[in-house]
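# Can you look at this prediction? I've put the sequence above it.
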There are 2 protein chains.
Amino acid sequence: MDKKQRSPKKQFIIETAARLFRDKGYRATSMRDLADAVDLKASSLYSHIKSKEELLRDICFENAHRFVNSMEAIEQEYNEPLDQLKALVALHITIALQDPTSITSFNDEWQHLSEPFLSEFLSLRKDYEKRFQQIIDAGKAKGVIKNLPTNMIFYTLLSSLRWIYDWYKPERNQDTTDIVEHLQEIILGGIVK
Amino acid sequence: MDKKQRSPKKQFIIETAARLFRDKGYRATSMRDLADAVDLKASSLYSHIKSKEELLRDICFENAHRFVNSMEAIEQEYNEPLDQLKALVALHITIALQDPTSITSFNDEWQHLSEPFLSEFLSLRKDYEKRFQQIIDAGKAKGVIKNLPTNMIFYTLLSSLRWIYDWYKPERNQDTTDIVEHLQEIILGGIVK
DNA sequence: CCTACCGATCGGTAGG
DNA sequence: CCTACCGATCGGTAGG
C-alpha cells in the first residue's frame, strides 16, 4: 500500500489505471485497455498486480488516508475553527491541483469496491466527514460561521471542492496561491459571518 | 422523446433504469438487473425499448432540454443578471429536489453515450454553460458580482448544486422554500458584492 | 412476454 | 513477459 514500497512499474500501472478509470469509468476500463496503455499484454499485468480491483483499492485508500492524516495534522496545528476550515479548504484545493487524476477516480469510482473494502472505505470517509462537520459546528458555536444547517454547509463546501479538476487548466500557468485565495473567497464568503 | 408519448410501462422502465444507473453506474447495470427490477425477462425489455443506450439517451437528453428550455425562460423573464442568477440557482435546486434520480444519472453517466449522441449532448451542455457564464460576466460588468475569474465562479456554483441529492433527505420534511433560501445564501454569499 | 440461444468481451490462469 | 485459453457474463435476436 505504501507508495515507496512499490516498484516503479507497478506505480506506473496504478497511475495509468487512475487516468483510465477517471476518463472511462472503472467498469468501462478493461484490463486490455490498461495493458495497451502501459504497452503490455493483458495477462502480463498480473505479474505486477493481483487483480483489477486491487488497483482501485490502492487508489481509493491512498487518497482516503491522505485526507484523514491531513485532518489530524490540521486539528493539531490550529485551534480556531475558522483557521481549521481555511486549512481544510486549502488542503482540498492543493491535492486537487497536484494530483487531479488520482483524486477524481477516488471521488467517483469507490462504489465499485467489494466488501469488506467498501465498508472499510466508507468508514474512513464517514470519520473524515464527521470531524469536518464538528469543525463547522464549533465555528457556529463561536459565532464565526452562519447559523445554517451544518450538513448544508458541509456538502456545499465539499461539492465545490470536488470539481476543481474540471475547470483548472494548468497550462494557463496561474499562480496556485492565487487560486487558493480566490476559491476561499468564493467558497467561504457565503459561510463565514 | 416526449414523456407524454411514452407508454406507462416504458416510462416505468426508464425511471427504474435511471435509479439503477445512479446506484450502480451505467456499465455496471446489466439488462438482467433492469429486467429483475421491473419483473420481466431480459429479452422482454426489448419489446419496449430498442437498446440499453436508448435508455441513457432518454435520460440525458430529457434533462438537457429541461435545462436549456428553462434557461431561455429565465433570460426572457428577468433582465437583471443577479435576478437571472438567483432564478438559475433556484432552478437547479428545484430540479434536484423534484427528480434526484434522473438528474444524477444525467450528471454522471452521459460519458457512456456513443457518437453522434455524445457530441450532440456536449453541444447542448456547452451552450447552456456559455449562457450561464454570460450572465456572470454581465453581473461583473454591472458591479453586482465580485471581479473573480468567471470560470471559477461558474464551476464552483454549478458544483455546489450538483450534490444536493447527496445530503437532502426528503423524509425530514423540510420546507423547500427554506432550502432554496439557505442555499442561495451559502452559494451566492461568496459571489455577490 | 417467454425460452433458447448467439457472438463478443470480460477478468483471470496455466505453462513456459 | 508471452501465447493460448478458460468460464462467466454481457447486450441483443429468433421464433413463437
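The structure has been received and is ready for your questions.
# quick one: low-confidence ranges for chain A?
Along chain A, segments meeting pLDDT under 70 span A:1-4, A:170-174.
# need the helices for it, in chain order.
With helices called from DSSP state H, chain A shows them at A:8-24, A:31-37, A:52-77, A:81-98, A:100-109, A:117-142, A:150-162, A:164-167, A:176-189.
# among those, which is nearest residue B:87?
helix A:150-162 (18.8 Å; C-beta to C-beta). From N, CA and C alone the C-beta is placed, and that goes for glycine too.
# Identify the residues contacting that closest one?
Helix A:150-162 is touched from outside by A:89, A:92-93, A:96, A:107, A:129, A:132-133, A:136-137, A:140, A:145-146, A:183, A:186-187, A:190-191, B:156, B:159-164, B:166-167, B:179, B:182-183, B:186-187, with contacts defined as C-beta atoms under 8 Å, 6 or more residues apart in numbering or on different chains.
# before we move on, the earlier item: now that we have the helices of chain A, can you turn them into a markdown table and tack on mean neighbour count?
Formatted as a markdown table, the helices of chain A follow (neighbours: other C-beta atoms under 10 Å in any protein chain shown):
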| stretch | mean neighbour count |
| --- | --- |
| helix A:8-24 | 18 |
| helix A:31-37 | 16 |
| helix A:52-77 | 17 |
| helix A:81-98 | 19 |
| helix A:100-109 | 20 |
| helix A:117-142 | 16 |
| helix A:150-162 | 21 |
| helix A:164-167 | 16 |
| helix A:176-189 | 17 |
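# Tabulate these (JSON lines), appending distance to DNA strand D.
Formatted as JSON lines, the helices of chain A follow (distance: least, C-beta to the nearest atom of the strand, whole Å):
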{"stretch": "helix A:8-24", "distance to DNA strand D": "6"}
{"stretch": "helix A:31-37", "distance to DNA strand D": "7"}
{"stretch": "helix A:52-77", "distance to DNA strand D": "12"}
{"stretch": "helix A:81-98", "distance to DNA strand D": "27"}
{"stretch": "helix A:100-109", "distance to DNA strand D": "18"}
{"stretch": "helix A:117-142", "distance to DNA strand D": "18"}
{"stretch": "helix A:150-162", "distance to DNA strand D": "28"}
{"stretch": "helix A:164-167", "distance to DNA strand D": "27"}
{"stretch": "helix A:176-189", "distance to DNA strand D": "36"}
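# Could you measure from the closest residue to residue A:42 other than its chain neighbours over to chain B?
Closest residue to residue A:42 apart from its sequence neighbours, by C-beta to C-beta, 6 or more residues apart in numbering or on different chains: residue A:35 at 4.3 Å. Using C-beta to the nearest C-beta, to the nearest Å, residue A:35 is found at 19 Å from chain B.
# Then residue A:50?
21 Å.
# can you give me phi and psi for that residue?
Main-chain dihedrals, residue A:50, degrees, to the nearest 10: phi -90, psi -40.
# Tell me who's in contact with residue A:12.
Counted by C-beta under 8 Å, 6+ apart, residue A:12 has contacts residue A:38.
# One more: residue A:185?
So residue A:185 contacts B:146, B:148, B:190 (C-beta under 8 Å, 6+ apart).
# follow-up on the earlier one: mind checking how far the residue nearest to residue A:42 is from residue A:51?
According to C-beta to C-beta, to the nearest Å, residue A:35 and residue A:51 sit 14 Å apart.
# can you list the helices of chain A in TSV and add distance to residue B:25?
Output for these, formatted as TSV (distance: least, C-beta to C-beta, whole Å):
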stretch	distance to residue B:25
helix A:8-24	11
helix A:31-37	17
helix A:52-77	13
helix A:81-98	22
helix A:100-109	9
helix A:117-142	14
helix A:150-162	17
helix A:164-167	19
helix A:176-189	28
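# coming back round to it: the residue nearest to residue A:42 against residue A:46, yeah?
No. Applying C-beta atoms under 8 Å, one finds residue A:35 not in contact with residue A:46, separated by 10.0 Å.
# so what's the residue most central in space within chain A up against?
Nearest to the mean C-alpha position of chain A, by C-alpha atoms, centre = their mean, lies residue A:103 at 4.2 Å. Residue A:103 sits next to A:63, A:95-96, A:165 when contact means C-beta under 8 Å, 6+ apart.
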